[in-house]
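Engineer: My questions concern the predicted model and sequence given below.
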Amino acid sequence: MSEIKIERLKSLDEKTLNELIRVYMEGYKGLEEYGGEGEDYARNYILWCWKKAPDGFFVAKIGDKIVGFIVCDKDWFSKYEGRIVGAIHEFVVDKSYQGKGIGKKLLITCLDFLKNFNDTIELWVGEKNYGAMKLYEKFGFKKVGKSGIWIRMVKQNL
Ligand SMILES: CC(C)(COP(=O)(O)OP(=O)(O)OC[C@H]1O[C@@H](n2cnc3c(N)ncnc32)[C@H](O)[C@@H]1OP(=O)(O)O)[C@@H](O)C(=O)NCCC(=O)NCCS
C-alpha cells in the first residue's frame with residue numbers, strides 16, 4: 001500500500017465533504033446500528049464536527065484519496081465529568097482500508113493533539129463494537145458507563 005499521510009483538514013469544500021460522507025458510509029458497513037443513519041445524517045454530522053472542532057479534524061490520505069478521519073474536540077463540556085474535557089466525536093476508516101494500521105495512526109495523532117489541552121478524553125462507542133473498544137483499550141481508555149446502546153469510555157492522565 002502507498003504511504004499513508006495524516007493531515008489536519010484545512011478546508012471543507014463540497015468535494016471533500018462528499019469524500020468524507022463516502023468514507024463514513026463505507027466505514028460503518030456491518031455496524032449500521034452505530035453509524036448507519038444515512039447520507040443526510042452523515043452530511044449534517046460531519047458539518048457539525050467541522051464547526052465544533054476544526055483544529056482537531058484529521059484525515060488519513062493515500063495519495064489524494066481520503067481513507068479515514070478522526071475528529072478531536074479539545075473543548076467539550078462533559079455533563080458526566082462536569083467540566084471541559086477532550087472528546088473524540090468521530091473516528092472512521094473506509095472498510096476496504098481497515099485492519100492496516102490507519103486507525104492506530106489517526107488515534108495517535110488525535111491523542112498527541114489533545115494532550116496539549118486536556119487531561120481527560122471521553123468518547124462513546126457502540127456496545128457491540130468490539131473492534132473499536134479493543135483499540136481504545138490498547139490506548140488506555142476504560143469503560144466507565146453506559147447509556148442505551150452506547151458505552152462511555154474515558155482516558156485519564158495524559
Ligand atoms: C475503529 C476503526 C476506526 C479502526 O481503524 P483500523 O484502521 O481498522 O484500525 P487498525 O488497523 O489501526 O487496528 C488497530 C487495532 O484495532 C483493533 N481492531 C480494529 N478493528 C478491529 C476488529 N474489527 N476486530 C478486532 N480488533 C480490531 C486491533 O486491536 C488492532 O490492533 P492490532 O493491529 O495490534 O491487532 C475502524 O475499524 C472503523 O472505521 N470502524 C467502523 C467505525 C467505528 O466503529 N468507529 C469507532 C466509533 S466509536
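Structural biologist: Here it is on my side, so go on.
Engineer: Residue 131 should be in a helix, yeah?
Structural biologist: Yes: counting by DSSP: H, G, I helix; E, B strand; the rest coil, residue 131 is found in a helix.
Engineer: partner residues bridging the residue most central in space within the chain?
Structural biologist: Centrality entry for the chain: nearest residue to the mean C-alpha point is residue 91, 2.0 Å, by Cα atoms, centre = their mean. Note on residue 91: beta-bridge partners residue 70, judged by DSSP bridges.
Engineer: Would you enumerate the residues in contact with it?
Structural biologist: 69, 70, 71, 103, 106, 107, 110, 123, 132 (Cβ atoms under 8 Å, 6 or more residues apart in numbering). C-beta coordinates here come from the backbone N, C-alpha and C atoms, glycine included.
Engineer: tally of neighbours for the residue lying closest to the first one once chain neighbours are set aside?
Structural biologist: So that's residue 69. Leaving aside its chain neighbours, residue 69 sits nearest to residue 59 (4.6 Å; criterion: Cβ to Cβ, 6 or more residues apart in numbering). For residue 59, the neighbour count with other Cβ atoms under 10 Å is 22.
Engineer: What strands flank the helix or strand in which residue 59 is found, and is each parallel or antiparallel?
Structural biologist: For residue 59, the element it lies in under DSSP states H and E is strand 57-62. Here strand 57-62 is paired, per DSSP bridges, with strand 4-8 (antiparallel), strand 65-78 (antiparallel).
Engineer: Render the CA-only coordinates of that strand in CSV, please.
Structural biologist: Output of strand 57-62 as CSV, limited to C-alpha atoms (Å, rounded to 0.1, in the frame of the first residue of the first chain):
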residue,chain,number,x,y,z
PHE,A,57,-10.2,17.3,12.4
PHE,A,58,-7.6,15.0,10.9
VAL,A,59,-7.8,12.9,7.8
ALA,A,60,-5.8,9.9,6.6
LYS,A,61,-4.8,10.1,2.9
ILE,A,62,-3.3,7.7,0.4
